[in-house]
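Novice: here is a sequence with its predicted model. Questions after.
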Protein chains: 2
Amino acid sequence: MVNISWEVPAVTTLKRADARKNIESIMDAATACLARDPDVSVADIAKAAGVGRVTLYGHFESRATLVAQVVERAIQQADKALGGVDLDGDPRAALSRLLEASWRLTQQYGALIVAAEQSMPQEQFQAVHVGLVDRWKPLMERGRRDGSFRDDQPLAWQLTLLQSVLHAASGAVYRGEIKAAEAAALIDGTVQAALTPPGVTRG
Amino acid sequence: MVNISWEVPAVTTLKRADARKNIESIMDAATACLARDPDVSVADIAKAAGVGRVTLYGHFESRATLVAQVVERAIQQADKALGGVDLDGDPRAALSRLLEASWRLTQQYGALIVAAEQSMPQEQFQAVHVGLVDRWKPLMERGRRDGSFRDDQPLAWQLTLLQSVLHAASGAVYRGEIKAAEAAALIDGTVQAALTPPGVTRG
DNA sequence: CCGTTGTCGAACATCGGTGTTCGAGTTAGT
DNA sequence: ACTAACTCGAACACCGATGTTCGACAACGG
């Protein structure tokens, strides 16, 4: 149990300052690049981060591990953002709040989910996906029970539809069909209408 | 202007019977494969067609031209199918008919549109896309004018939404979330609800 | 100020996909 | 039956992306 001086350079997991800064840049650039194009090359990510490709590989074992870390960080931030949303009260109002938060995340991370799907083991990705869906499920179930939302369609379909509308809005903004500022209102208006039970009037 | 015997083997554009059969197989296999995975390899397409890779290249100059031809045929069939839909009468009923026809096409061709987007020149793809959207636009505009559909949202957004719902249904069926048999009803119910003007009761 | 740590370009090996060539074998059509 | 047309596997060159190695250089931090 001796403590020899030439041993391990302390438990110092801390890298040098510039190294940490570069890792940050790479993660940020990778997030932005992958959000736009899930198939973006490592070279492009490095370039976007203002860093050499070799430097990137010095900090990340492979493209897959980089993507995994980026996804993990995104998941954490998304979880935190969605966790801060008040899901109590009128289900329709709660849905509006959840939609707005989710729209921000969709804009921020875009196609990152696609990149994750392509480069992560099936099971691991499934876990992530289930984790995200579970944020919606309780609210939807409550709304269906109390008549706020229609329950003549499978819940799974309605959840898929939510994702789909968010994704569609992202694409529409990207293509310039709608302005980012109006997207949130369109999403809410569309989803609320789609979930309105038959025979009920809204407006 | 002499007609020499050793010249061109007649205008006979007709290939041999087995060759034509193989071309058919390849087109069919390519359609099915690309509908599932727009990035499928030429080798996989050849295998699915029960044909050697070299044979495929004997009939198609490149992957791009194969995709182009497959897309062109799909467009023609889609155009024919959609052209047979009666768009007159009650806009909501017409929309139902158009949705059902489009759903069949979506199931059949799936991600083929993605493959087209990736391997066709931008402008050419745009033309195709515009051509398809133009099948929807007049009906939507008429429905908006006569109060059948809500007009408090941009038309472009509503058109994007239609595509999105069809695509979402395709994915949901693929993932086993919903059964193919019930998809058509879900699509119609969802879209009709989403397009219902505020203040109007349906069901 | 000096050594450790980190950066970076160039060059390399590797891998998978595309497209081509060759040559031997098959089949269609007359 | 005979020939032109076709098939097809193997092997090739090529391309772009990943991941590695080397060596010169910069800068952090004690």
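Specialist: Yep, it's here.
Novice: near chain B, anything from the worst-scoring helix or strand of chain A on mean pLDDT?
Specialist: The weakest-scoring helix or strand in chain A, judged by mean pLDDT, DSSP states H and E, is helix A:122-133 (a mean of 90). No: using CB under 8 Å from any CB of the partner chain, helix A:122-133 stays clear of chain B, with a minimum separation of 10.2 Å. The way it works is simple: take the backbone N, C-alpha and C, and place the C-beta from them, glycine included.
Novice: which other helices and strands does that helix contact?
Specialist: Secondary-structure packing of helix A:122-133 (3 or more CB pairs under 8 Å, 6 or more residues apart in numbering or on different chains; DSSP states H and E): helix A:63-83, helix A:112-119.
Novice: of the ones you listed, which is nearest DNA strand D?
Specialist: DNA strand D lies closest, by CB to the nearest atom of the strand, to one member of the helices and strands packed on helix A:122-133: helix A:63-83, at 3.3 Å.
Novice: give the contact list for residue A:71.
Specialist: A:112, A:115, A:116, A:120, A:128 (CB atoms under 8 Å, 6 or more residues apart in numbering or on different chains).
Novice: need those in JSON lines (columns: distance to residue A:50 and neighbour count).
Specialist: Shown next, in JSON lines, are these (distance: CB to CB, whole Å; neighbours: other CB atoms under 10 Å in any protein chain shown):
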{"residue": "A:112", "distance to residue A:50": "21", "neighbour count": "25"}
{"residue": "A:115", "distance to residue A:50": "21", "neighbour count": "24"}
{"residue": "A:116", "distance to residue A:50": "25", "neighbour count": "23"}
{"residue": "A:120", "distance to residue A:50": "27", "neighbour count": "17"}
{"residue": "A:128", "distance to residue A:50": "29", "neighbour count": "18"}
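Novice: tell me which of those is nearest to chain B?
Specialist: Checking the contacts of residue A:71 against chain B by CB to the nearest CB gives residue A:115 as the nearest, at 14.0 Å.
Novice: excluding chain neighbours, what is closest to residue A:42?
Specialist: Nearest residue to residue A:42 in three dimensions, chain neighbours excluded: residue A:63, at 5.3 Å (CB to CB, 6 or more residues apart in numbering or on different chains).
Novice: pretty sure that neighbour contacts residue A:119?
Specialist: Yes: here residue A:63 reaches residue A:119: they are 7.2 Å apart, a contact under CB atoms under 8 Å.
Novice: related to what we said a few turns ago, and the contacts of residue A:71 as JSON lines, adding distance to DNA strand D?
Specialist: Output for these, formatted as JSON lines (distance: CB to the nearest atom of the strand, whole Å):
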{"residue": "A:112", "distance to DNA strand D": "15"}
{"residue": "A:115", "distance to DNA strand D": "11"}
{"residue": "A:116", "distance to DNA strand D": "15"}
{"residue": "A:120", "distance to DNA strand D": "13"}
{"residue": "A:128", "distance to DNA strand D": "21"}
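Novice: list the contacts of the residue in chain A positioned nearest to DNA strand C.
Specialist: Closest to DNA strand C within chain A is residue A:52: 3.0 Å, counting by CB to the nearest atom of the strand. Residues in contact with residue A:52 (CB under 8 Å, 6+ apart) are residue A:46.
Novice: so how far is residue A:186 from it?
Specialist: Distance from residue A:52 to residue A:186, counting by CB to CB, to the nearest Å: 42 Å.
Novice: what does chain A put close to DNA strand D?
Specialist: For chain A, the residues in contact with DNA strand D (CB under 7 Å from any atom of the strand) are A:16-18, A:41-43, A:53-54, A:57, A:61-64.
Novice: what about 6 Å?
Specialist: Applying CB under 6 Å from any atom of the strand, we find that chain A lies next to DNA strand D at A:16, A:17, A:18, A:41, A:42, A:43, A:54, A:57, A:62, A:63, A:64.
Novice: the last one - nearest residue in space that isn't next to it in sequence?
Specialist: Spelled out, that is residue A:64. residue A:119 (5.1 Å).
Novice: how many residues are close by the one you found?
Specialist: Using other CB atoms under 10 Å in any protein chain shown, residue A:119 has 19 other residues around it.
Novice: now the helices for chain A?
Specialist: Secondary structure of chain A by DSSP state H: the helices cover A:17-36, A:42-49, A:53-59, A:63-83, A:91-109, A:112-119, A:122-133, A:137-145, A:155-174, A:180-195.
Novice: any idea which of those scores lowest on pLDDT?
Specialist: With a mean of 90, helix A:122-133 has the lowest mean pLDDT of the helices of chain A.
Novice: could I have it exported to PDB, CA atoms only?
Specialist: The C-alpha trace of helix A:122-133 is given here as PDB (Å, rounded to 0.1, in the frame of the first residue of the first chain):
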ATOM      1  CA  GLN A 122     -31.100  -1.400 -31.300                       C
ATOM      2  CA  GLU A 123     -31.800  -2.100 -27.600                       C
ATOM      3  CA  GLN A 124     -30.000   0.900 -26.300                       C
ATOM      4  CA  PHE A 125     -31.800   3.200 -28.700                       C
ATOM      5  CA  GLN A 126     -35.100   1.600 -27.800                       C
ATOM      6  CA  ALA A 127     -34.400   2.400 -24.100                       C
ATOM      7  CA  VAL A 128     -33.800   6.100 -25.000                       C
ATOM      8  CA  HIS A 129     -36.900   6.300 -27.100                       C
ATOM      9  CA  VAL A 130     -39.100   4.700 -24.500                       C
ATOM     10  CA  GLY A 131     -37.700   7.200 -21.900                       C
ATOM     11  CA  LEU A 132     -38.800  10.100 -24.100                       C
ATOM     12  CA  VAL A 133     -42.200   8.700 -24.900                       C
END
